[in-house]
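[1] no sequence for this one, just the structure:
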């Protein structure tokens, strides 16, 4: 189904923009960060999950991406830091505080520092950039917007903020729809918009994050879809369906609740009109004909898996670009 | 110099109010809590040191008193908790956060929880009462006021908030005066005022805290001196001068800077018109004649020292009360 080609030798490698949410997306972002020079990789991250908790501004997906890129992510939980201690939480519990959202002692430092700096008037972008620099992260980690966008999950039991659905309710209520409060008034983060419009852009990679909860909020930011239609490089997505299931989280459950099959075709149709290519782990019927397909193992267990998938996704985009050239040549 | 007498047998023991700041005062408060039933002991605590740091409301003296009474105080530092870990602080430092004020991982829980509840509209009193109950503290720990009072230290290098003087500047600048912003508009905490006016009050004990920085803010709260003049029980102070020096902190240094000798007489003159009795560790010239004096070891190293000093302070107050009775009998 795909026209995989060898990269033309000596082709100049341009900039890459990745769009992602938390765990799964962050894994591919890590892979990309190992194959694209830091100053050429911009990672636009979902902030629809951001919320206020215990007076702190928490940005779960930005945290996961930063911790993952810095080699600090906790591989067992999929959130939070390695070598974490829990004395804050344990004591908070003994004082009658809210404990449904776990915050490790080291993790707390990030939330407290970010909250102080936001209160002092810095933007989430500026704070994220500074913290990335302190954590030794070379790639640009960019919030999708500095304006507040809040994911609201409409469920059978009523609407609920994302974290209440995801953490407190453990994704149990059936999802009817997902909305993004504030998205229509939000502005795409400046550097992210600029990165998307660069003439040397090589690829936009939509990482294998939950399309409904992690990628849709990014796409909902006012003007983002228009920006993606303007990019000169191919937009390719890596399907989060692996082995016919979701690797982690509520994606498969939500697909069912929304009346869709858990399939690459569902992903392809979800992103139809936006992507030129979809990377899948097995061939499948029902993918729209105007979307190129590349078959590749998409399970990322080791760092090598992540790097290999990152290389494959970029190579897939390069193939599409080369195909455009061929088409133009044919037309000429 | 004092007319110590045996307590009349069968004398009903009434309520006790202690006024205190941090370390030294908290030690005597602990002693008192072991000899006065919980529902009969009210501890009015200085909140002039309270401040906002990292977005958190910190109440250093209330914390020290609560941790001390709960058996959780760190005996080495004089502040914070035992069995503390410092992963939050270490990580905050690596993120470029402010680290001049040390906050342990467990200690953080108290500050975060208090700040959340203050923001939700609860009073400092209500929050303190609830936390005391959770920590198993039977005595009433009462902020001197629920209104903000902020200690400002006027120094040779200009005015500075208490914590900046005390922690950041390590008490180095010479003190010219101390003022208490907001004190004239503050209301004495309701239960503290009620405890002072109880007809069965046995004693008011001014604990051996720094008079300028820890007790004066309490006395500065609007109406507090008038309340103390109205109490039916003797007001006695335990001198914080021990062996001719301050046990800890900048008291001796400040006395010098204000032109006073480091002596019990300086303490007595500071509290003149307010106290009927001063407990000292050695006899001394220069104490006003209208202040009764009791000599007693006032160094509190062990729990037994604290209990013994608490008993002695109450017995001293009882002596003064008994002396009043004798005077009345003589007059009759």
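    Alright, I've got the coordinates. Since this is a predicted model, take the numbers as computed values, not measurements.

[2] what about the strands in chain A?
    Along chain A, counting by DSSP state E, strands occupy A:15-20, A:41-45, A:51-53, A:56-58, A:140-143, A:150-155, A:158-161, A:175-181, A:201-206, A:235-238, A:241-242, A:245-246, A:277-280, A:292-295.

[3] Neighbouring strands - and their directions - for the fourth one?
    The sheet places strand A:56-58 alongside strand A:51-53 (antiparallel), with pairing taken from DSSP bridges.

[4] what residues does the stretch 51-200 of chain A put near chain B?
    For the stretch 51-200 of chain A, the residues in contact with chain B (Cβ under 8 Å from any Cβ of the partner chain) are A:54-56, A:84-85, A:87-92, A:94-97, A:104-106, A:108-110, A:112-113, A:115-116, A:119, A:130-131, A:134. Quick note: C-beta positions are derived from backbone N, CA and C, even for glycine.

[5] List only buried entries from these.
    Those of those that meet the buried threshold are A:54-56, A:84-85, A:87-89, A:91-92, A:95, A:97, A:104-106, A:108-110, A:112-113, A:115-116, A:130-131, by 16 or more other Cβ atoms under 10 Å in any protein chain shown.

[6] from the residues of the stretch 51-200 of chain A next to chain B, which ones fall inside helices?
    A:87-92, A:94, A:105-106, A:108-110, A:112-113, A:115-116, A:119, A:130-131, A:134 (DSSP state H).

[7] Surely residue A:54 and residue A:97 touch.
    Yes: using Cβ atoms under 8 Å, residue A:54 is in contact with residue A:97, at 7.2 Å.

[8] Residue A:190 and chain B, how far apart?
    According to Cβ to the nearest Cβ, to the nearest Å, residue A:190 stands 23 Å off from chain B.

[9] Could you check how many residues crowd around that residue?
    13 (other Cβ atoms under 10 Å in any protein chain shown).

[10] which residue sits closest to it in space, ignoring its chain neighbours?
    Spatial nearest neighbour of residue A:190, chain neighbours left out: residue A:125 (7.5 Å); criterion: Cβ to Cβ, 6 or more residues apart in numbering or on different chains.

[11] if I look at the one you found, how far off is chain B?
    16 Å.

[12] cool, and residue A:224?
    29 Å.

[13] now that residue: how far from residue A:62?
    For residue A:224, the distance to residue A:62 equals 17 Å [Cβ to Cβ, to the nearest Å].

[14] These two: which has the busier surroundings?
    Legend: neighbour count by other Cβ under 10 Å for residue A:224 and residue A:62, higher for residue A:62 (29 against 24).

[15] ok, the more buried one touching residue A:47?
    Yes: Residue A:62 lies in contact with residue A:47 (Cβ under 8 Å); the separation is 6.7 Å.

[16] what is in contact with those two at once?
    A:124, A:143 (Cβ atoms under 8 Å, 6 or more residues apart in numbering or on different chains).

[17] count of residues packed around the nearest residue to residue A:251 once chain neighbours are set aside?
    Leaving aside its sequence neighbours, residue A:251 sits nearest to residue A:210 (Cβ to Cβ, 6+ apart; 4.7 Å). Per other Cβ under 10 Å, the neighbour tally for residue A:210 reads 25.

[18] Over to residue A:269?
    Quick note: residue A:269 (other Cβ under 10 Å) scores 15 neighbours.

[19] again with residue A:77
    13.

[20] repeat for residue A:324
    For residue A:324, using other Cβ under 10 Å, the count is 13.

[21] got the contact list for the nearest residue to residue A:27 once chain neighbours are set aside?
    Excluding the flanking residues, the one nearest residue A:27 by Cβ to Cβ, 6+ apart is residue A:300, at 4.5 Å. Contacts for residue A:300 were tallied using Cβ under 8 Å, 6+ apart; they are A:24, A:27, A:28, A:31, A:306, A:309.

[22] Chain B versus the first one, what's the distance?
    Distance of residue A:24 to chain B, computed by Cβ to the nearest Cβ: 26 Å.

[23] With the fourth one instead?
    Residue A:31 sits at a distance of 26 Å from chain B (criterion: Cβ to the nearest Cβ).

[24] do the same with residue A:325
    46 Å.

[25] What of residue A:26?
    According to Cβ to the nearest Cβ, residue A:26 and chain B sit 19 Å apart.

[26] for residue A:299, same thing?
    From residue A:299 to chain B the distance is 32 Å (Cβ to the nearest Cβ).

[27] List the beta-bridge partners for the closest residue to that residue other than its chain neighbours.
    If the residues on either side of it in the chain are set aside, residue A:299 comes closest to residue A:242, at 5.3 Å by Cβ to Cβ, 6+ apart. Following DSSP bridges, residue A:242 is listed with bridge partners residue A:245.

[28] Return the residues in contact with the residue nearest to residue A:270 when sequence neighbours are not counted.
    Sequence neighbours aside, residue A:211 is the residue nearest to residue A:270 in space, at 5.0 Å (criterion: Cβ to Cβ, 6+ apart). Neighbour list for residue A:211: A:240, A:251, A:267, A:270, A:271 [criterion: Cβ under 8 Å, 6+ apart].

[29] Then residue A:233?
    Residues near residue A:233 by Cβ under 8 Å, 6+ apart: A:14, A:201, A:202, A:203, A:204, A:317, A:321.

[30] Point out where chain A drops to low pLDDT.
    Within chain A, the ranges that satisfy pLDDT under 70 run A:1-12, A:326-332.

[31] which helix is the longest one in it?
    Chain A, longest helix under DSSP H: helix A:303-331.

[32] Could you tell me how far the nearest residue to residue A:184 once chain neighbours are set aside is located from residue A:85?
    Nearest non-adjacent residue to residue A:184, counting by Cβ to Cβ, 6+ apart: residue A:222, 5.4 Å away. When distance is defined by Cβ to Cβ, residue A:222 is 41 Å away from residue A:85.

[33] Endpoints of stretch A:142-152, how far apart?
    End-to-end distance for stretch A:142-152, by Cα to Cα, to the nearest Å: 22 Å.

[34] before we move on, what about stretch A:127-141?
    Termini of stretch A:127-141 sit 11 Å apart (Cα to Cα).

[35] What lies in contact with it?
    Applying Cβ under 8 Å, 6+ apart, the external contacts of stretch A:127-141 come out as A:29, A:32-33, A:36-39, A:41-43, A:45, A:59, A:62, A:65-66, A:69-70, A:72, A:110, A:113-114, A:117-118, A:142-143, A:191, A:195, B:94-96.

[36] one more time with 7 Å, if that's ok
    A:33, A:38, A:41-43, A:45, A:62, A:65-66, A:69-70, A:110, A:114, A:117-118, A:143, A:191, B:94-96 (Cβ atoms under 7 Å, 6 or more residues apart in numbering or on different chains).

[37] Now which of those residues would you call buried?
    Of the contacts of stretch A:127-141, these count as buried by 16+ other Cβ under 10 Å: A:33, A:41-43, A:45, A:62, A:65-66, A:69-70, A:110, A:114, A:117-118, A:143, B:95.

[38] residue in the stretch 151-300 of chain A nearest to chain B?
    residue A:163 (16.0 Å; Cβ to the nearest Cβ).

[39] Bridged to the closest residue to that residue other than its chain neighbours, which residues?
    Residue nearest to residue A:163 in three dimensions, not counting chain neighbours: residue A:51, with 5.0 Å by Cβ to Cβ, 6+ apart. The partner list for residue A:51 in beta bridges (DSSP bridges) reads residue A:58.
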